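Undergrad: I need the structure of the sequence given here:
(chains A and B)
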2 protein chains.
Amino acid sequence: MRILVLNPNSNPEFSAQMDKAVEPLRFGGAVRIDCISLTGTPLGIETQRDIDAVLDPVCDAIAAKEAEYDAFVVACFADTGVASAREVTSKPVLGICEGGLSAALNAGERFGVISTSNEARNAELRLIRSHALMERCAGMEPVNIPVVEMMHSNELAERMVSAGRRLAAQGAEVVVLGCAGMTRHQALLQDELGIPVLDPVVSTAAMALGAIAGRG
Amino acid sequence: MRILVLNPNSNPEFSAQMDKAVEPLRFGGAVRIDCISLTGTPLGIETQRDIDAVLDPVCDAIAAKEAEYDAFVVACFADTGVASAREVTSKPVLGICEGGLSAALNAGERFGVISTSNEARNAELRLIRSHALMERCAGMEPVNIPVVEMMHSNELAERMVSAGRRLAAQGAEVVVLGCAGMTRHQALLQDELGIPVLDPVVSTAAMALGAIAGRG
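TA: Sure, this is the predicted structure:
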């Protein structure tokens, strides 16, 4: 099985972090999972204009690589271009917001999302409503750190723990990380909160394996 | 990774079929997935009384095998005992109804379910509502073949295709099989309908891999 995890931003550090996170799903080389960044796109997908700007690049990249992979994961928590990309290929295309939240449904009655910012939360709210998953959402709490600073911020861990505690207080039984830049603190957060904390890139890549297996 | 797929009915033919279906997710032996039936339970989970009757056996079996596995899949489309089993173990417990429907969310805007009977459909309706997934449900169509006859019925394939066509006409973009006894016609149905047809045992087992990978 061959899965392409497509990071719509142009920051290779994000893709490198995804590459590390999905390693357990390679099962010692039995599965090929490639994580790549786009080029010429924003360094971080922060605003609605950023989201809009990568719609075409996401579709173009999937069209160009269609023959090479069995399934595609769009690794931006805005599910940027996922609906359009499904018009480009008949192979499974999954977004990490819908995929991560779908996985979370199986890990607790209500999920919470750690958002990057108050602004991102608005776009995510629209998305969760459009996925008809709002009823399982306990809350969304931001860390308010710009996406481009996410990977190197010294305050990120502390703010994630604080946001996670607020989500748990609102009834979240599982927390979904709302940005691939948060991955490095997944284990810490899970230890601190004592509930599952999902990296949606991993959850969605696993679901892609299921989609491929089911098409035999 | 070690996953137990627990078939709450006592029919070993169901478990044998599951065993075959999940083979692609073993990745040549890198993943251990055991599919077992319970003993002393009904041959098919058909009625609400049947569902109630296997609640304790499901929990007992998971408690007895807890140390041996990293995650548990309860392979009955009634998600029988899943909520209770989560009080027995802190390891991931997934049901194939919630898991299969969650996976389906990523394969189409609206899913349809092929139910075993009109009666089963009522229990499934309550379940889908309790999972808060009704808004993505296009419809549920029964084949009206008893579960215990499912595995050997000569009419099953034809009735599944007919039910699948009714679901597609209602707007389903992906179909979920509502019984492990239907698995052997998954490929035929997918070919006939031209849309993804999910065996929820496979979808949910893949999600279990993700849950394990994400807990590293």
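Undergrad: against chain B, how distant is the residue nearest to the spatial centre of chain A?
TA: Among the residues of chain A, the one closest to the centroid is residue A:96, at 3.6 Å (C-alpha atoms, centre = their mean). Relative to chain B, residue A:96 is positioned 10 Å away (C-beta to the nearest C-beta, to the nearest Å). All C-beta spots, glycine's among them, are computed from the backbone N, C-alpha and C.
Undergrad: which stretches in chain A count as strands?
TA: Secondary structure of chain A (DSSP state E): strands located at A:2-7, A:32-37, A:71-74, A:93-95, A:111-115, A:137-142, A:174-177, A:197-198.
Undergrad: show me what the fifth one is packed against.
TA: This points to strand A:111-115. Counting contacts by 3 or more C-beta pairs under 8 Å, 6 or more residues apart in numbering or on different chains; DSSP states H and E, strand A:111-115 is packed against helix A:96-105, helix A:118-130, strand A:137-142, helix A:156-169, strand A:174-177.
Undergrad: for the ones you listed, which has the smallest mean pLDDT value?
TA: Among the helices and strands packed on strand A:111-115, helix A:118-130 carries the lowest mean pLDDT, at a mean of 92.
Undergrad: list of residues touching it?
TA: A:46-48, A:51, A:77-79, A:97, A:101, A:113, A:115, A:134, A:137, A:140, A:142, A:144, A:178-179 (C-beta atoms under 8 Å, 6 or more residues apart in numbering or on different chains).
Undergrad: got it, and stretch A:10-18?
TA: A:5, A:7, A:35-44, A:75, A:148, A:151, A:180-181, A:183-184, A:201.
Undergrad: of the residues you listed, keep whichever come out buried.
TA: A:5, A:7, A:35-38, A:41-42, A:44, A:75, A:148, A:151, A:180-181, A:183-184, A:201 (16 or more other C-beta atoms under 10 Å in any protein chain shown).
Undergrad: what number of residues are in the vicinity of the residue lying closest to residue A:171 once chain neighbours are set aside?
TA: Nearest non-adjacent residue to residue A:171, counting by C-beta to C-beta, 6 or more residues apart in numbering or on different chains: residue A:138, 4.3 Å away. Burial measure for residue A:138: 20 neighbouring residues, criterion other C-beta atoms under 10 Å in any protein chain shown.
Undergrad: can I assume residue A:138 is in contact with residue A:112?
TA: Yes - between residue A:138 and residue A:112 there is a contact under C-beta atoms under 8 Å: 4.8 Å.
Undergrad: returning to that earlier point: list the contacts for the residue nearest to the centre of chain A?
TA: Per C-beta under 8 Å, 6+ apart, neighbours of residue A:96: A:73, A:74, A:75, A:76, A:77, A:79, A:180, A:200, A:201, A:203, A:204.
Undergrad: out of those residues, who has the most neighbours?
TA: So for the contacts of residue A:96 (other C-beta under 10 Å), the most neighbours sit at residue A:200, 33 neighbours.
Undergrad: what about the nearest residue to it once chain neighbours are set aside, neighbour count?
TA: In space, and not counting its chain neighbours, residue A:200 is closest to residue A:100: 2.5 Å by C-beta to C-beta, 6+ apart. Residue A:100 sits with 27 neighbouring residues when counted by other C-beta under 10 Å.
Undergrad: same thing with the one 4 residues further on?
TA: The number of residues packed around residue A:104, counting by other C-beta under 10 Å, is 28.
Undergrad: same thing with residue A:53?
TA: 16.
Undergrad: I'd say it and residue A:41 touch.
TA: Yes - with contacts defined as C-beta under 8 Å, residue A:53 counts as touching residue A:41 at a distance of 6.7 Å.
Undergrad: domain parsing for chain A?
TA: Under automatic domain parsing, the residue ranges defining each domain of chain A are A:2-95+A:202-213, A:98-199.
Undergrad: is residue A:63 in contact with residue A:91, as I believe?
TA: No - applying C-beta under 8 Å, one finds residue A:63 not in contact with residue A:91, separated by 11.1 Å.
Undergrad: compare the two (neighbour count), which wins?
TA: Neighbours were counted for residue A:63 and for residue A:91 using other C-beta under 10 Å; residue A:91 has more, 19 against 12.
Undergrad: so what pLDDT did the more buried one get?
TA: So residue A:91 comes in at 96 (pLDDT).
Undergrad: can you check residue A:210 too?
TA: For residue A:210, pLDDT reads 97.
Undergrad: that one contacts residue B:102, doesn't it?
TA: No - contact criterion C-beta under 8 Å: residue A:210 and residue B:102 do not qualify, at 10.1 Å.
Undergrad: which neighbours do the two share?
TA: By C-beta under 8 Å, 6+ apart, the residues touching both residue A:210 and residue B:102 are B:203, B:207.
Undergrad: which of these two has more neighbours?
TA: residue A:210 (32 against 28).
Undergrad: what's the neighbour count on the residue nearest to the more buried one when sequence neighbours are not counted?
TA: Spatial nearest neighbour of residue A:210, excluding adjacent residues (C-beta to C-beta, 6+ apart): residue B:206 at 2.6 Å. When neighbours are defined as other C-beta under 10 Å, residue B:206 has 27 of them.
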